[in-house]
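Participant: Kindly generate the corresponding structure for this input.
(chains A, B, C and D)
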Protein chains: 2
Amino acid sequence: MLNEQTTAAPRDCGDCPIRHRAVCARCEADELKRLDELKYYRSFEAGQTVIWSGDHMEFVGSVVTGIATLTQTMEDGRTQMVGLLLPSDFVGRPGRDAAAYNVVAITDMVMCCFRKKPFEQMMNETPHIAQRLLEMTLDELDAAREWMLVLGRKTAREKIASLMAIIARRDATLNLAGIDKPIVFDLPLTREAMSDYLGLTLETVSRQISALKKDGVIHLQGKRHVTVPDFERLLEEAGDDSDGGMLA
Amino acid sequence: MLNEQTTAAPRDCGDCPIRHRAVCARCEADELKRLDELKYYRSFEAGQTVIWSGDHMEFVGSVVTGIATLTQTMEDGRTQMVGLLLPSDFVGRPGRDAAAYNVVAITDMVMCCFRKKPFEQMMNETPHIAQRLLEMTLDELDAAREWMLVLGRKTAREKIASLMAIIARRDATLNLAGIDKPIVFDLPLTREAMSDYLGLTLETVSRQISALKKDGVIHLQGKRHVTVPDFERLLEEAGDDSDGGMLA
DNA sequence: CGTTTGGTTGATGGTTATCAAGTCTGGTGG
DNA sequence: CCACCAGACTTGATAACCATCAACCAAACG
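Facilitator: The predicted model follows:
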């Protein structure tokens, strides 16, 4: 069990990489100052569990760097990922004491944390935080519903293509890469994590990735480095024929 | 195409059956009065489409009576239900113009509606509405994530049992029936709607319901009237072994 | 009555899970 | 430097589960 948590070097909110996307995004200077005094950083190593489902939660916070997963498990071990936490995503639910899910860092990760009580109090006093949290929660709900379609109705091949498309899209917007250019990214997830995401076995994930590669939908260098030569083609494979009818 | 929409008789917020559960639950008297002036009722017949995905949404609102579904479809017709709207549930997303899902009334239904613009303005001015909406959205997100486990990892039999458990639980809390008593309810959904909920075919739904009946987990009178003699047994079948370890 | 809608049941095949080897890669220690 | 090892991944054989196609039933309805 790795239980070490180093407190990362403090950082000014002004320099924060997630300043304009996180729960604090709408805060005014004075509000930000109050948050600044409340906040503390925590670091987690890849593989380390941040919170166990059912545990008492003393803090809420935002992912600053790194990636984490939100998972639910049944007693017999079956596991379903229910959230993928990227930088700026929020962890914890104000007004709830016990964690509902397991949170696991899958890369090294830094979080910006607040003790729950003071954060809740501040939420009641400053509407800008609650407003932003509502917006983020609505976005997460949309993402969860999109995901439900993937889990309930898509084939294994479509599921893999959908996952690649999600990661590709995120990377494309992040790197400001134009469309039409081949998209290149590294898979942040192991085959097993992908299977937990998609409700498949890791063997099926492996087979379908191989199949998409064989069919030229994606190219692989090593196990994780992916090139998408034609994003439209990938979307077709994902069943997201979202060209929207450009032609009459 | 049934496109008639009768405007239901106006009703006072004080008598409203969803007064203390809907988005207006936390409003003070003066806030409620403002909402009262904004609101209007709309009625929908069973089977009628309330909103098509992609349509411009001129209103948001709450389900007052009846049930509706939120569904997503792929071009080839595959359909996944992503939400089940019960009385007090909210429809529409403030700040968004186009509907993201199909909303279909599955029983006769009455909604309490607000034109989107005035509602959004009021949300900005009165934090009580936004607070309640955040709470409701967080609950919906939890429900969606629970549902993702069902869709991704449960067998057909477990899916059916899970659905029965959800409906049974809702009915039990609603009717204040004690546990231990046999739970009795009517399925609000057709076999097809259940299949869209659970990511199955309607034939599989029918077969698994028959199987649960044969094994005595549920009793059926007619196609829709269900009796659950032993709720714990149902939870076991659902894979939700949530006895939580009452015994050392 | 014929028709429609919702539901059940049966036969069959396909997709994906399961069980089982085996490969590749990076890291560690001799 | 190389042997070894562990973890991540791939591939194959088989079988289970569920989808598909099809026939049929019952109630509601015009």
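Participant: And residue A:156, how close does it get to DNA strand D?
Facilitator: Distance, residue A:156 to DNA strand D, by Cβ to the nearest atom of the strand, to the nearest Å: 12 Å. C-beta coordinates here come from the backbone N, C-alpha and C atoms, glycine included.
Participant: surely that residue meets residue A:200?
Facilitator: Yes: counting by Cβ atoms under 8 Å, residue A:200 is a contact partner of residue A:156 at 5.7 Å.
Participant: between those two, what contacts are shared?
Facilitator: Counting by Cβ atoms under 8 Å, 6 or more residues apart in numbering or on different chains, the common neighbours of residue A:156 and residue A:200 are residue A:208.
Participant: Are stretch A:159-166 and DNA strand D in contact anywhere?
Facilitator: No: using Cβ under 7 Å from any atom of the strand, stretch A:159-166 never reaches DNA strand D; the gap is at least 10.5 Å.
Participant: In that stretch, which residues are buried?
Facilitator: If you call a residue buried by 16 or more other Cβ atoms under 10 Å in any protein chain shown, then stretch A:159-166 has these buried ones: A:159-166.
Participant: With stretch A:96-106 instead?
Facilitator: The neighbour-count check on stretch A:96-106 (16+ other Cβ under 10 Å) flags A:99-106 as buried.
Participant: How far off centre is the longest helix belonging to chain A?
Facilitator: What stands out as the longest helix in chain A, according to DSSP state H, is helix A:127-153. For helix A:127-153, the separation from the chain centroid amounts to 12 Å (computed by Cα atoms, centre = their mean, to the nearest Å).
Participant: Repeat that for stretch A:144-156.
Facilitator: Between the centre of stretch A:144-156 and the centre of its chain there are 17 Å (Cα atoms, centre = their mean).
Participant: One more: stretch A:103-116?
Facilitator: Its chain's C-alpha centre and that of stretch A:103-116 lie 12 Å apart, by Cα atoms, centre = their mean.
Participant: again, but for stretch A:184-196
Facilitator: With Cα atoms, centre = their mean, you get 12 Å for stretch A:184-196.
Participant: Pull out the buried residues from it.
Facilitator: Applying 16+ other Cβ under 10 Å to stretch A:184-196 flags A:184-185, A:187-189, A:191, A:193-196 as buried.
Participant: Is DNA strand C within reach of stretch A:61-74?
Facilitator: No: judged by Cβ under 7 Å from any atom of the strand, stretch A:61-74 makes no contact with DNA strand C; its nearest approach is 11.8 Å.
Participant: Check whether that stretch comes near chain B.
Facilitator: Yes: Stretch A:61-74 comes into contact with chain B (Cβ under 8 Å from any Cβ of the partner chain), by way of A:70, A:72, A:74.
Participant: From those, list the buried ones, please.
Facilitator: In the residues of stretch A:61-74 next to chain B, burial by neighbour count holds for A:70, A:72, counting by 16+ other Cβ under 10 Å.
Participant: Out of the residues of stretch A:61-74 next to chain B, which sit inside strands?
Facilitator: A:70, A:72 (DSSP state E).
Participant: Let me have the residues of stretch A:61-74 next to chain B in JSON lines, adding pLDDT as columns.
Facilitator: As requested, the residues of stretch A:61-74 next to chain B are exported to JSON lines (pLDDT from 0 to 100):
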{"residue": "A:70", "pLDDT": "98"}
{"residue": "A:72", "pLDDT": "97"}
{"residue": "A:74", "pLDDT": "96"}
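Participant: of all the residues of stretch A:61-74 next to chain B, which comes closest to residue A:90?
Facilitator: Looking at the residues of stretch A:61-74 next to chain B and their distance to residue A:90, the nearest is residue A:70, at 11.1 Å (Cβ to Cβ).
Participant: My guess is the closest one contacts residue A:80. True?
Facilitator: No: the criterion here is Cβ under 8 Å, and residue A:70 misses it with residue A:80 at 9.8 Å.
Participant: circling back: take the buried residues of stretch A:184-196 and lay them out in a markdown table including pLDDT, distance to DNA strand C and secondary structure.
Facilitator: Formatted as a markdown table, those follow (pLDDT from 0 to 100; distance: Cβ to the nearest atom of the strand, whole Å; DSSP: H, G, I helix; E, B strand; the rest coil):
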| residue | pLDDT | distance to DNA strand C | secondary structure |
| --- | --- | --- | --- |
| A:184 | 92 | 18 | strand |
| A:185 | 93 | 18 | strand |
| A:187 | 95 | 14 | coil |
| A:188 | 94 | 16 | coil |
| A:189 | 96 | 16 | coil |
| A:191 | 97 | 11 | helix |
| A:193 | 98 | 15 | helix |
| A:194 | 98 | 11 | helix |
| A:195 | 98 | 8 | helix |
| A:196 | 98 | 11 | helix |
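Participant: from those residues, which is closest to residue A:21?
Facilitator: Ranked by distance to residue A:21 (Cβ to Cβ), those are led by residue A:188 at 17.9 Å.
Participant: For chain B, see how far away the closest one is.
Facilitator: Distance, residue A:188 to chain B, using Cβ to the nearest Cβ, to the nearest Å: 19 Å.
Participant: excluding its backbone neighbours, what's nearest that residue?
Facilitator: residue A:67 (5.2 Å; Cβ to Cβ, 6 or more residues apart in numbering or on different chains).
Participant: one step back: quick one: which of the buried residues of stretch A:159-166 is nearest residue A:35?
Facilitator: Set against residue A:35, the nearest of the buried residues of stretch A:159-166 by Cβ to Cβ is residue A:166 (30.3 Å).
Participant: Output the helix or strand hosting that closest one as PDB, nothing but the C-alphas.
Facilitator: Counting by DSSP states H and E, the element that carries residue A:166 is helix A:156-175. This file holds the C-alpha atoms of helix A:156-175, laid out as PDB (Å, rounded to 0.1, in the frame of the first residue of the first chain):
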ATOM      1  CA  ALA A 156     -17.300  -3.800 -29.100                       C
ATOM      2  CA  ARG A 157     -15.800  -2.300 -32.200                       C
ATOM      3  CA  GLU A 158     -17.900   0.800 -32.000                       C
ATOM      4  CA  LYS A 159     -17.100   1.200 -28.300                       C
ATOM      5  CA  ILE A 160     -13.400   1.200 -29.000                       C
ATOM      6  CA  ALA A 161     -13.800   3.700 -31.800                       C
ATOM      7  CA  SER A 162     -15.900   5.900 -29.600                       C
ATOM      8  CA  LEU A 163     -13.300   5.900 -26.900                       C
ATOM      9  CA  MET A 164     -10.600   6.800 -29.400                       C
ATOM     10  CA  ALA A 165     -12.800   9.600 -30.800                       C
ATOM     11  CA  ILE A 166     -13.300  11.000 -27.300                       C
ATOM     12  CA  ILE A 167      -9.600  11.000 -26.500                       C
ATOM     13  CA  ALA A 168      -8.800  12.300 -30.000                       C
ATOM     14  CA  ARG A 169     -11.300  15.100 -29.700                       C
ATOM     15  CA  ARG A 170     -10.000  16.100 -26.300                       C
ATOM     16  CA  ASP A 171      -6.500  16.200 -27.600                       C
ATOM     17  CA  ALA A 172      -7.400  18.100 -30.700                       C
ATOM     18  CA  THR A 173      -9.100  20.900 -28.800                       C
ATOM     19  CA  LEU A 174      -6.300  20.900 -26.300                       C
ATOM     20  CA  ASN A 175      -3.600  21.100 -28.800                       C
END
